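# Predicted coordinates and the sequence they were generated for:
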Amino acid sequence: MKKLILLLFIPLLSFGQLGEYYYSNGHPKSKGLNFQVKKPIGFEQNEADRPNIVQKWEKNKTNNDEYVSFMIIVKRLPAEMRGFGNSEWNQYLKNDGGIDNFSSAFSNASNKEFLVIDNYPSVMFDASDKMSRLGFTFEIYFSQIMVIVDDYSFTMMFQATSKRNLQNNKSLFYSLANSVIFPDQYN
């Protein structure tokens with residue numbers, strides 16, 4: 001009987017990390033890109049102060065050792081990068097150095113790989129960056145997935161204040177990435 005109860009409880013743990021969908025429809029920071037992503041349960045959802053961050057979700061905001069956040073960032077691609085189809089982006093990212101080009105801003109980028117998110121080509125990598133706020137310098141660790149959707153870059157960033165905390169939440173980040181839908185492609 002205990003094994004049966006345990007087996008019934010495991011799916012609740014696996015799927016219990018994500019809630020209802022967040023829809024970007026009409027949000028001015030989404031710049032016309034419609035997307036939906038499931039909300040991480042136990043995180044506080046906020047409007048972000050920065051111009052390209054559509055939404056952010058934060059957990060353990062008052063505990064620097066356990067703090068994690070998830071952000072969605074949307075930018076229009078520069079004019080010279082627009083107008084290419086998925087097959088050209090696939091070729092560039094997989095075979096022509098695109099992954100290294102997109103991750104080159106961070107000299108410590110690791111675990112770089114090509115992914116497909118809801119039929120669109122993307123790049124994923126892990127890195128860290130030193131930040132300064134009010135005279136304090138600290139390091140932030142993050143995993144980032146940048147998806148090329150037509151003329152947009154759609155970026156999901158999961159960040160934590162320790163590498164251990166980032167790794168402990170990696171499966172949640174993958175679940176969030178797997179929940180992303182770009183509905184306009186289905187019209």
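Received, thanks.
# how close does the residue nearest the centre of the chain sit to residue 171?
By CA atoms, centre = their mean, the chain has its centre lying nearest to residue 156, at 1.9 Å. From residue 156 across to residue 171, the span is 14 Å (CB to CB, to the nearest Å). Placement of C-beta: from N, CA and C, glycine included.
# still on that earlier bit, just confirm the residue nearest to the centre of the chain is within a strand.
Yes: counting by DSSP: H, G, I helix; E, B strand; the rest coil, residue 156 is located in a strand.
# nearest residue to it other than its sequence neighbours?
Sequence neighbours aside, residue 145 is the residue nearest to residue 156 in space, at 4.7 Å (criterion: CB to CB, 6 or more residues apart in numbering).
# and the one you found, helix, strand or coil?
Residue 145 ends up strand, using three-state DSSP.
# again with residue 105
coil.
# re the thing from before, how much space is there between the residue nearest to residue 156 and residue 20?
Distance, residue 145 to residue 20, by CB to CB: 21 Å.
# Tell me which of these two has more neighbours.
Set residue 145 next to residue 20 and count neighbours by other CB atoms under 10 Å: residue 145 wins out with 21 against 9.
# which stretches of the chain have low pLDDT?
1-16 (pLDDT under 70).
# all helices of it, in order?
Shown for the chain, the helices assigned by DSSP state H span residues 2-15, 86-95, 98-103, 163-168, 170-179.
# Could you export the third one as PDB, CA atoms only?
Listed in PDB are the C-alpha atoms of helix 98-103, where the atom choice follows Å, rounded to 0.1, in the frame of the first residue of the first chain:
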ATOM      1  CA  GLY A  98      26.100  30.700 -34.100                       C
ATOM      2  CA  ILE A  99      26.100  29.200 -30.700                       C
ATOM      3  CA  ASP A 100      29.500  30.600 -29.900                       C
ATOM      4  CA  ASN A 101      28.600  34.000 -31.400                       C
ATOM      5  CA  PHE A 102      25.500  34.300 -29.200                       C
ATOM      6  CA  SER A 103      27.300  33.200 -26.000                       C
END
